[in-house]
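**Q** Fold the following, please.
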Amino acid sequence: MHRSMTGRLASSVALSLCVIPTLSASAQAPLPSTGGQLLYSLEPVLSKVNARVGFLGLASKTARFPKASGKIVLSPKRLDTIQLNVDLDATALAAGDTVTLARLKGPDFFDVERHPMVRFVGRTMAMTGPVTAQINGDLTAKGITRPVVLAVSFRKPPASATGEEPIQLTAQAKIDCTEFGMKAYRFIVAKTVTITINAQMVPR
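**A** Down below sits the predicted model:
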């Protein structure tokens, strides 16, 4: 009986010596990368969206969209598959004077009663540098959708995003407002509108 117990004890010790190195190696090995997508939401308080248009060929007027929402979905290993949505509440549009504001909200321009939202949907991104890119998507304004390219500058390389820190970016696009049915005051208002988005996206 003593020999039997001794044999079993020796077998247990041998088995333990074999298992411990295996567990130790597994604990020290790095976890495999999932390559998953990271989701961020636009922080409206820390984000600004402006639209600037030439006026009388000498100056410009700027409208602000103080109510914005949106999200960005990206994979650091597949940045070309980015998804960017930005929604602007056109009914909250703000301008420098009441006359300009009334015209912008009226049927000649954004027609906010019938089309209260302006939306950009970005579907693909081409990096032009470590922190610069072009995002291709569609802009919908006044119920009309047209393709638009955003020139984007990130504060930090998106390839190094971890999903734990905010993403800060500036995006700009130039559109022809006549393509969106805004053709009034052609001798006063330029047809090229520059849209600028300064956004802070926070992890969700």
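**Q** Might you report the residue contacts of the most centrally placed residue in the chain?
**A** Among the residues of the chain, Ile72 comes closest to the average C-alpha position under C-alpha atoms, centre = their mean, at 3.6 Å. With C-beta atoms under 8 Å, 6 or more residues apart in numbering as the criterion, the residues that contact Ile72 are Leu39, Tyr40, Leu42, Ile82, Gln83, Leu84, Asn85, Ile167, Met201. C-beta here means a position set from N, CA and C on the backbone, and glycine is covered the same way.
**Q** can you pull up the bridge partners for Thr62?
**A** According to DSSP bridges, Arg52 are recorded as the beta-bridge partners of Thr62.
**Q** burial count for it?
**A** The number of residues packed near Thr62 is 15, by other C-beta atoms under 10 Å.
**Q** where exactly do the helices run in this protein?
**A** Listed in chain order, the helices of the chain (DSSP state H) span residues 2-28, 98-105.
**Q** Looking at the protein, which strand is longest?
**A** The longest strand of the chain (DSSP state E) is strand 189-203.
**Q** Okay, now the sheet partners of that one, with direction.
**A** Note on strand 189-203: by DSSP bridges, its sheet partners are strand 38-42 (antiparallel), strand 48-55 (antiparallel), strand 167-176 (antiparallel).
**Q** Minimum distance to Ile197: which of the ones you listed has it?
**A** Go through the strands paired with strand 189-203 one by one with C-beta to C-beta and the one that ends up closest to Ile197 is strand 167-176, at 4.3 Å.
**Q** No further queries at this time; thank you.
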